[in-house]
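S.K.: sequence first, predicted coordinates after that:
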Amino acid sequence: MTTIPPDWALYQTYLAGELVYDTFMSKIHQQPVKPKSVGFLDVDTCIALEQLANVLAVAYCNPVHLKIDMVRYNECFDTHESGRSEKREQILLDKFPPKEELVLTTPSVIIDSGGRIIVWYLPEAMTGMIMTDMYCATNSMGNLLNNSITTGKPTAWRTHVSNFYPSLNGKITPSCINISPAWFQQG
């Protein structure tokens, strides 16, 4: 693996990634974590990174296998499918009926019939400190987010209001943040 020089701007990100990787690998192989210099990473960040790695390892060791081929399922979608058409949803449910209803209570990975991880369920992967920091940062830009929302299709699932909890203090507009980063990786 390439080592990032300490004077580069991404050095802390590199250290964080190495810490998560080493902790994750030690957990799944049940070996002690190799001693490592965490450089300029502060204690709170190290705690958050270790919590993330621990939750990832627990999930990885708790696979849930489904009897669905996600490649076949994906091939049934049209380009830019909205996910908000009840008729279309029913067609897909008829073609790919769920075998059972699952309720996940521990970190897990959902694996399709082809052995592909399709979902990582990672409750409590972020520390309370990180969530508080994110909440405060989002609150401080609530007006900007509210003013940046364009009127899109009411059927767009990525920003549909039903996918969001209302803000506790009313400072954040529901549906102003896109919840599907993988959408942008589809090309």
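M.R.: It's in.
S.K.: per-domain residue ranges of the protein.
M.R.: 1-61, 63-121, 127-187 (automatic domain parsing).
S.K.: okay if I get the ones you listed as CSV plus mean neighbour count?
M.R.: Backbone N, C-alpha and C define where each C-beta goes, glycine included. Formatted as CSV, the domains of the chain follow (neighbours: other CB atoms under 10 Å):
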stretch, mean neighbour count
domain 1-61, 14
domain 63-121, 12
domain 127-187, 12
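S.K.: dump these to TSV, plus mean pLDDT.
M.R.: Shown next, in TSV, are these (pLDDT from 0 to 100):
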stretch	mean pLDDT
domain 1-61	86
domain 63-121	85
domain 127-187	68
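S.K.: now do the strands in this protein.
M.R.: Secondary structure of the chain (DSSP state E): strands at 63-65, 108-111, 117-121.
S.K.: listing partners with orientation, what would you give for the first one?
M.R.: Read that as strand 63-65. Strand 63-65 pairs in its sheet with strand 108-111 (parallel), by DSSP bridges.
S.K.: export the strand it pairs with as PDB, just CAs?
M.R.: Below are the C-alpha coordinates for strand 108-111, written out as PDB (Å, rounded to 0.1, in the frame of the first residue of the first chain):
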ATOM      1  CA  SER A 108     -25.500  -6.800   9.500                       C
ATOM      2  CA  VAL A 109     -24.700  -7.100   5.800                       C
ATOM      3  CA  ILE A 110     -27.500  -8.100   3.400                       C
ATOM      4  CA  ILE A 111     -26.200 -10.500   0.700                       C
END
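S.K.: now do that strand: everything it contacts.
M.R.: By CB atoms under 8 Å, 6 or more residues apart in numbering, the surrounding residues in contact with strand 108-111 are 59-60, 62-66, 117-121.
S.K.: quick one: the residue positioned nearest the centre of the chain from residue 61, how far?
M.R.: The centroid of the chain falls nearest to residue 120 when counting by CA atoms, centre = their mean (7.2 Å). With distances taken as CB to CB, to the nearest Å, residue 120 is found 12 Å from residue 61.
S.K.: I'd assumed residue 62 was in contact with the residue nearest to the centre of the chain.
M.R.: No: using CB atoms under 8 Å as the test, residue 120 is too far from residue 62 to be in contact (10.7 Å).
S.K.: now the common contact residues for those two.
M.R.: The contact lists of residue 120 and residue 62 share 107-109, where a contact means CB under 8 Å, 6+ apart.
S.K.: specify which member of those is nearest to residue 168.
M.R.: Of all these, residue 168 sits closest to residue 107, with 25.7 Å by CB to CB.
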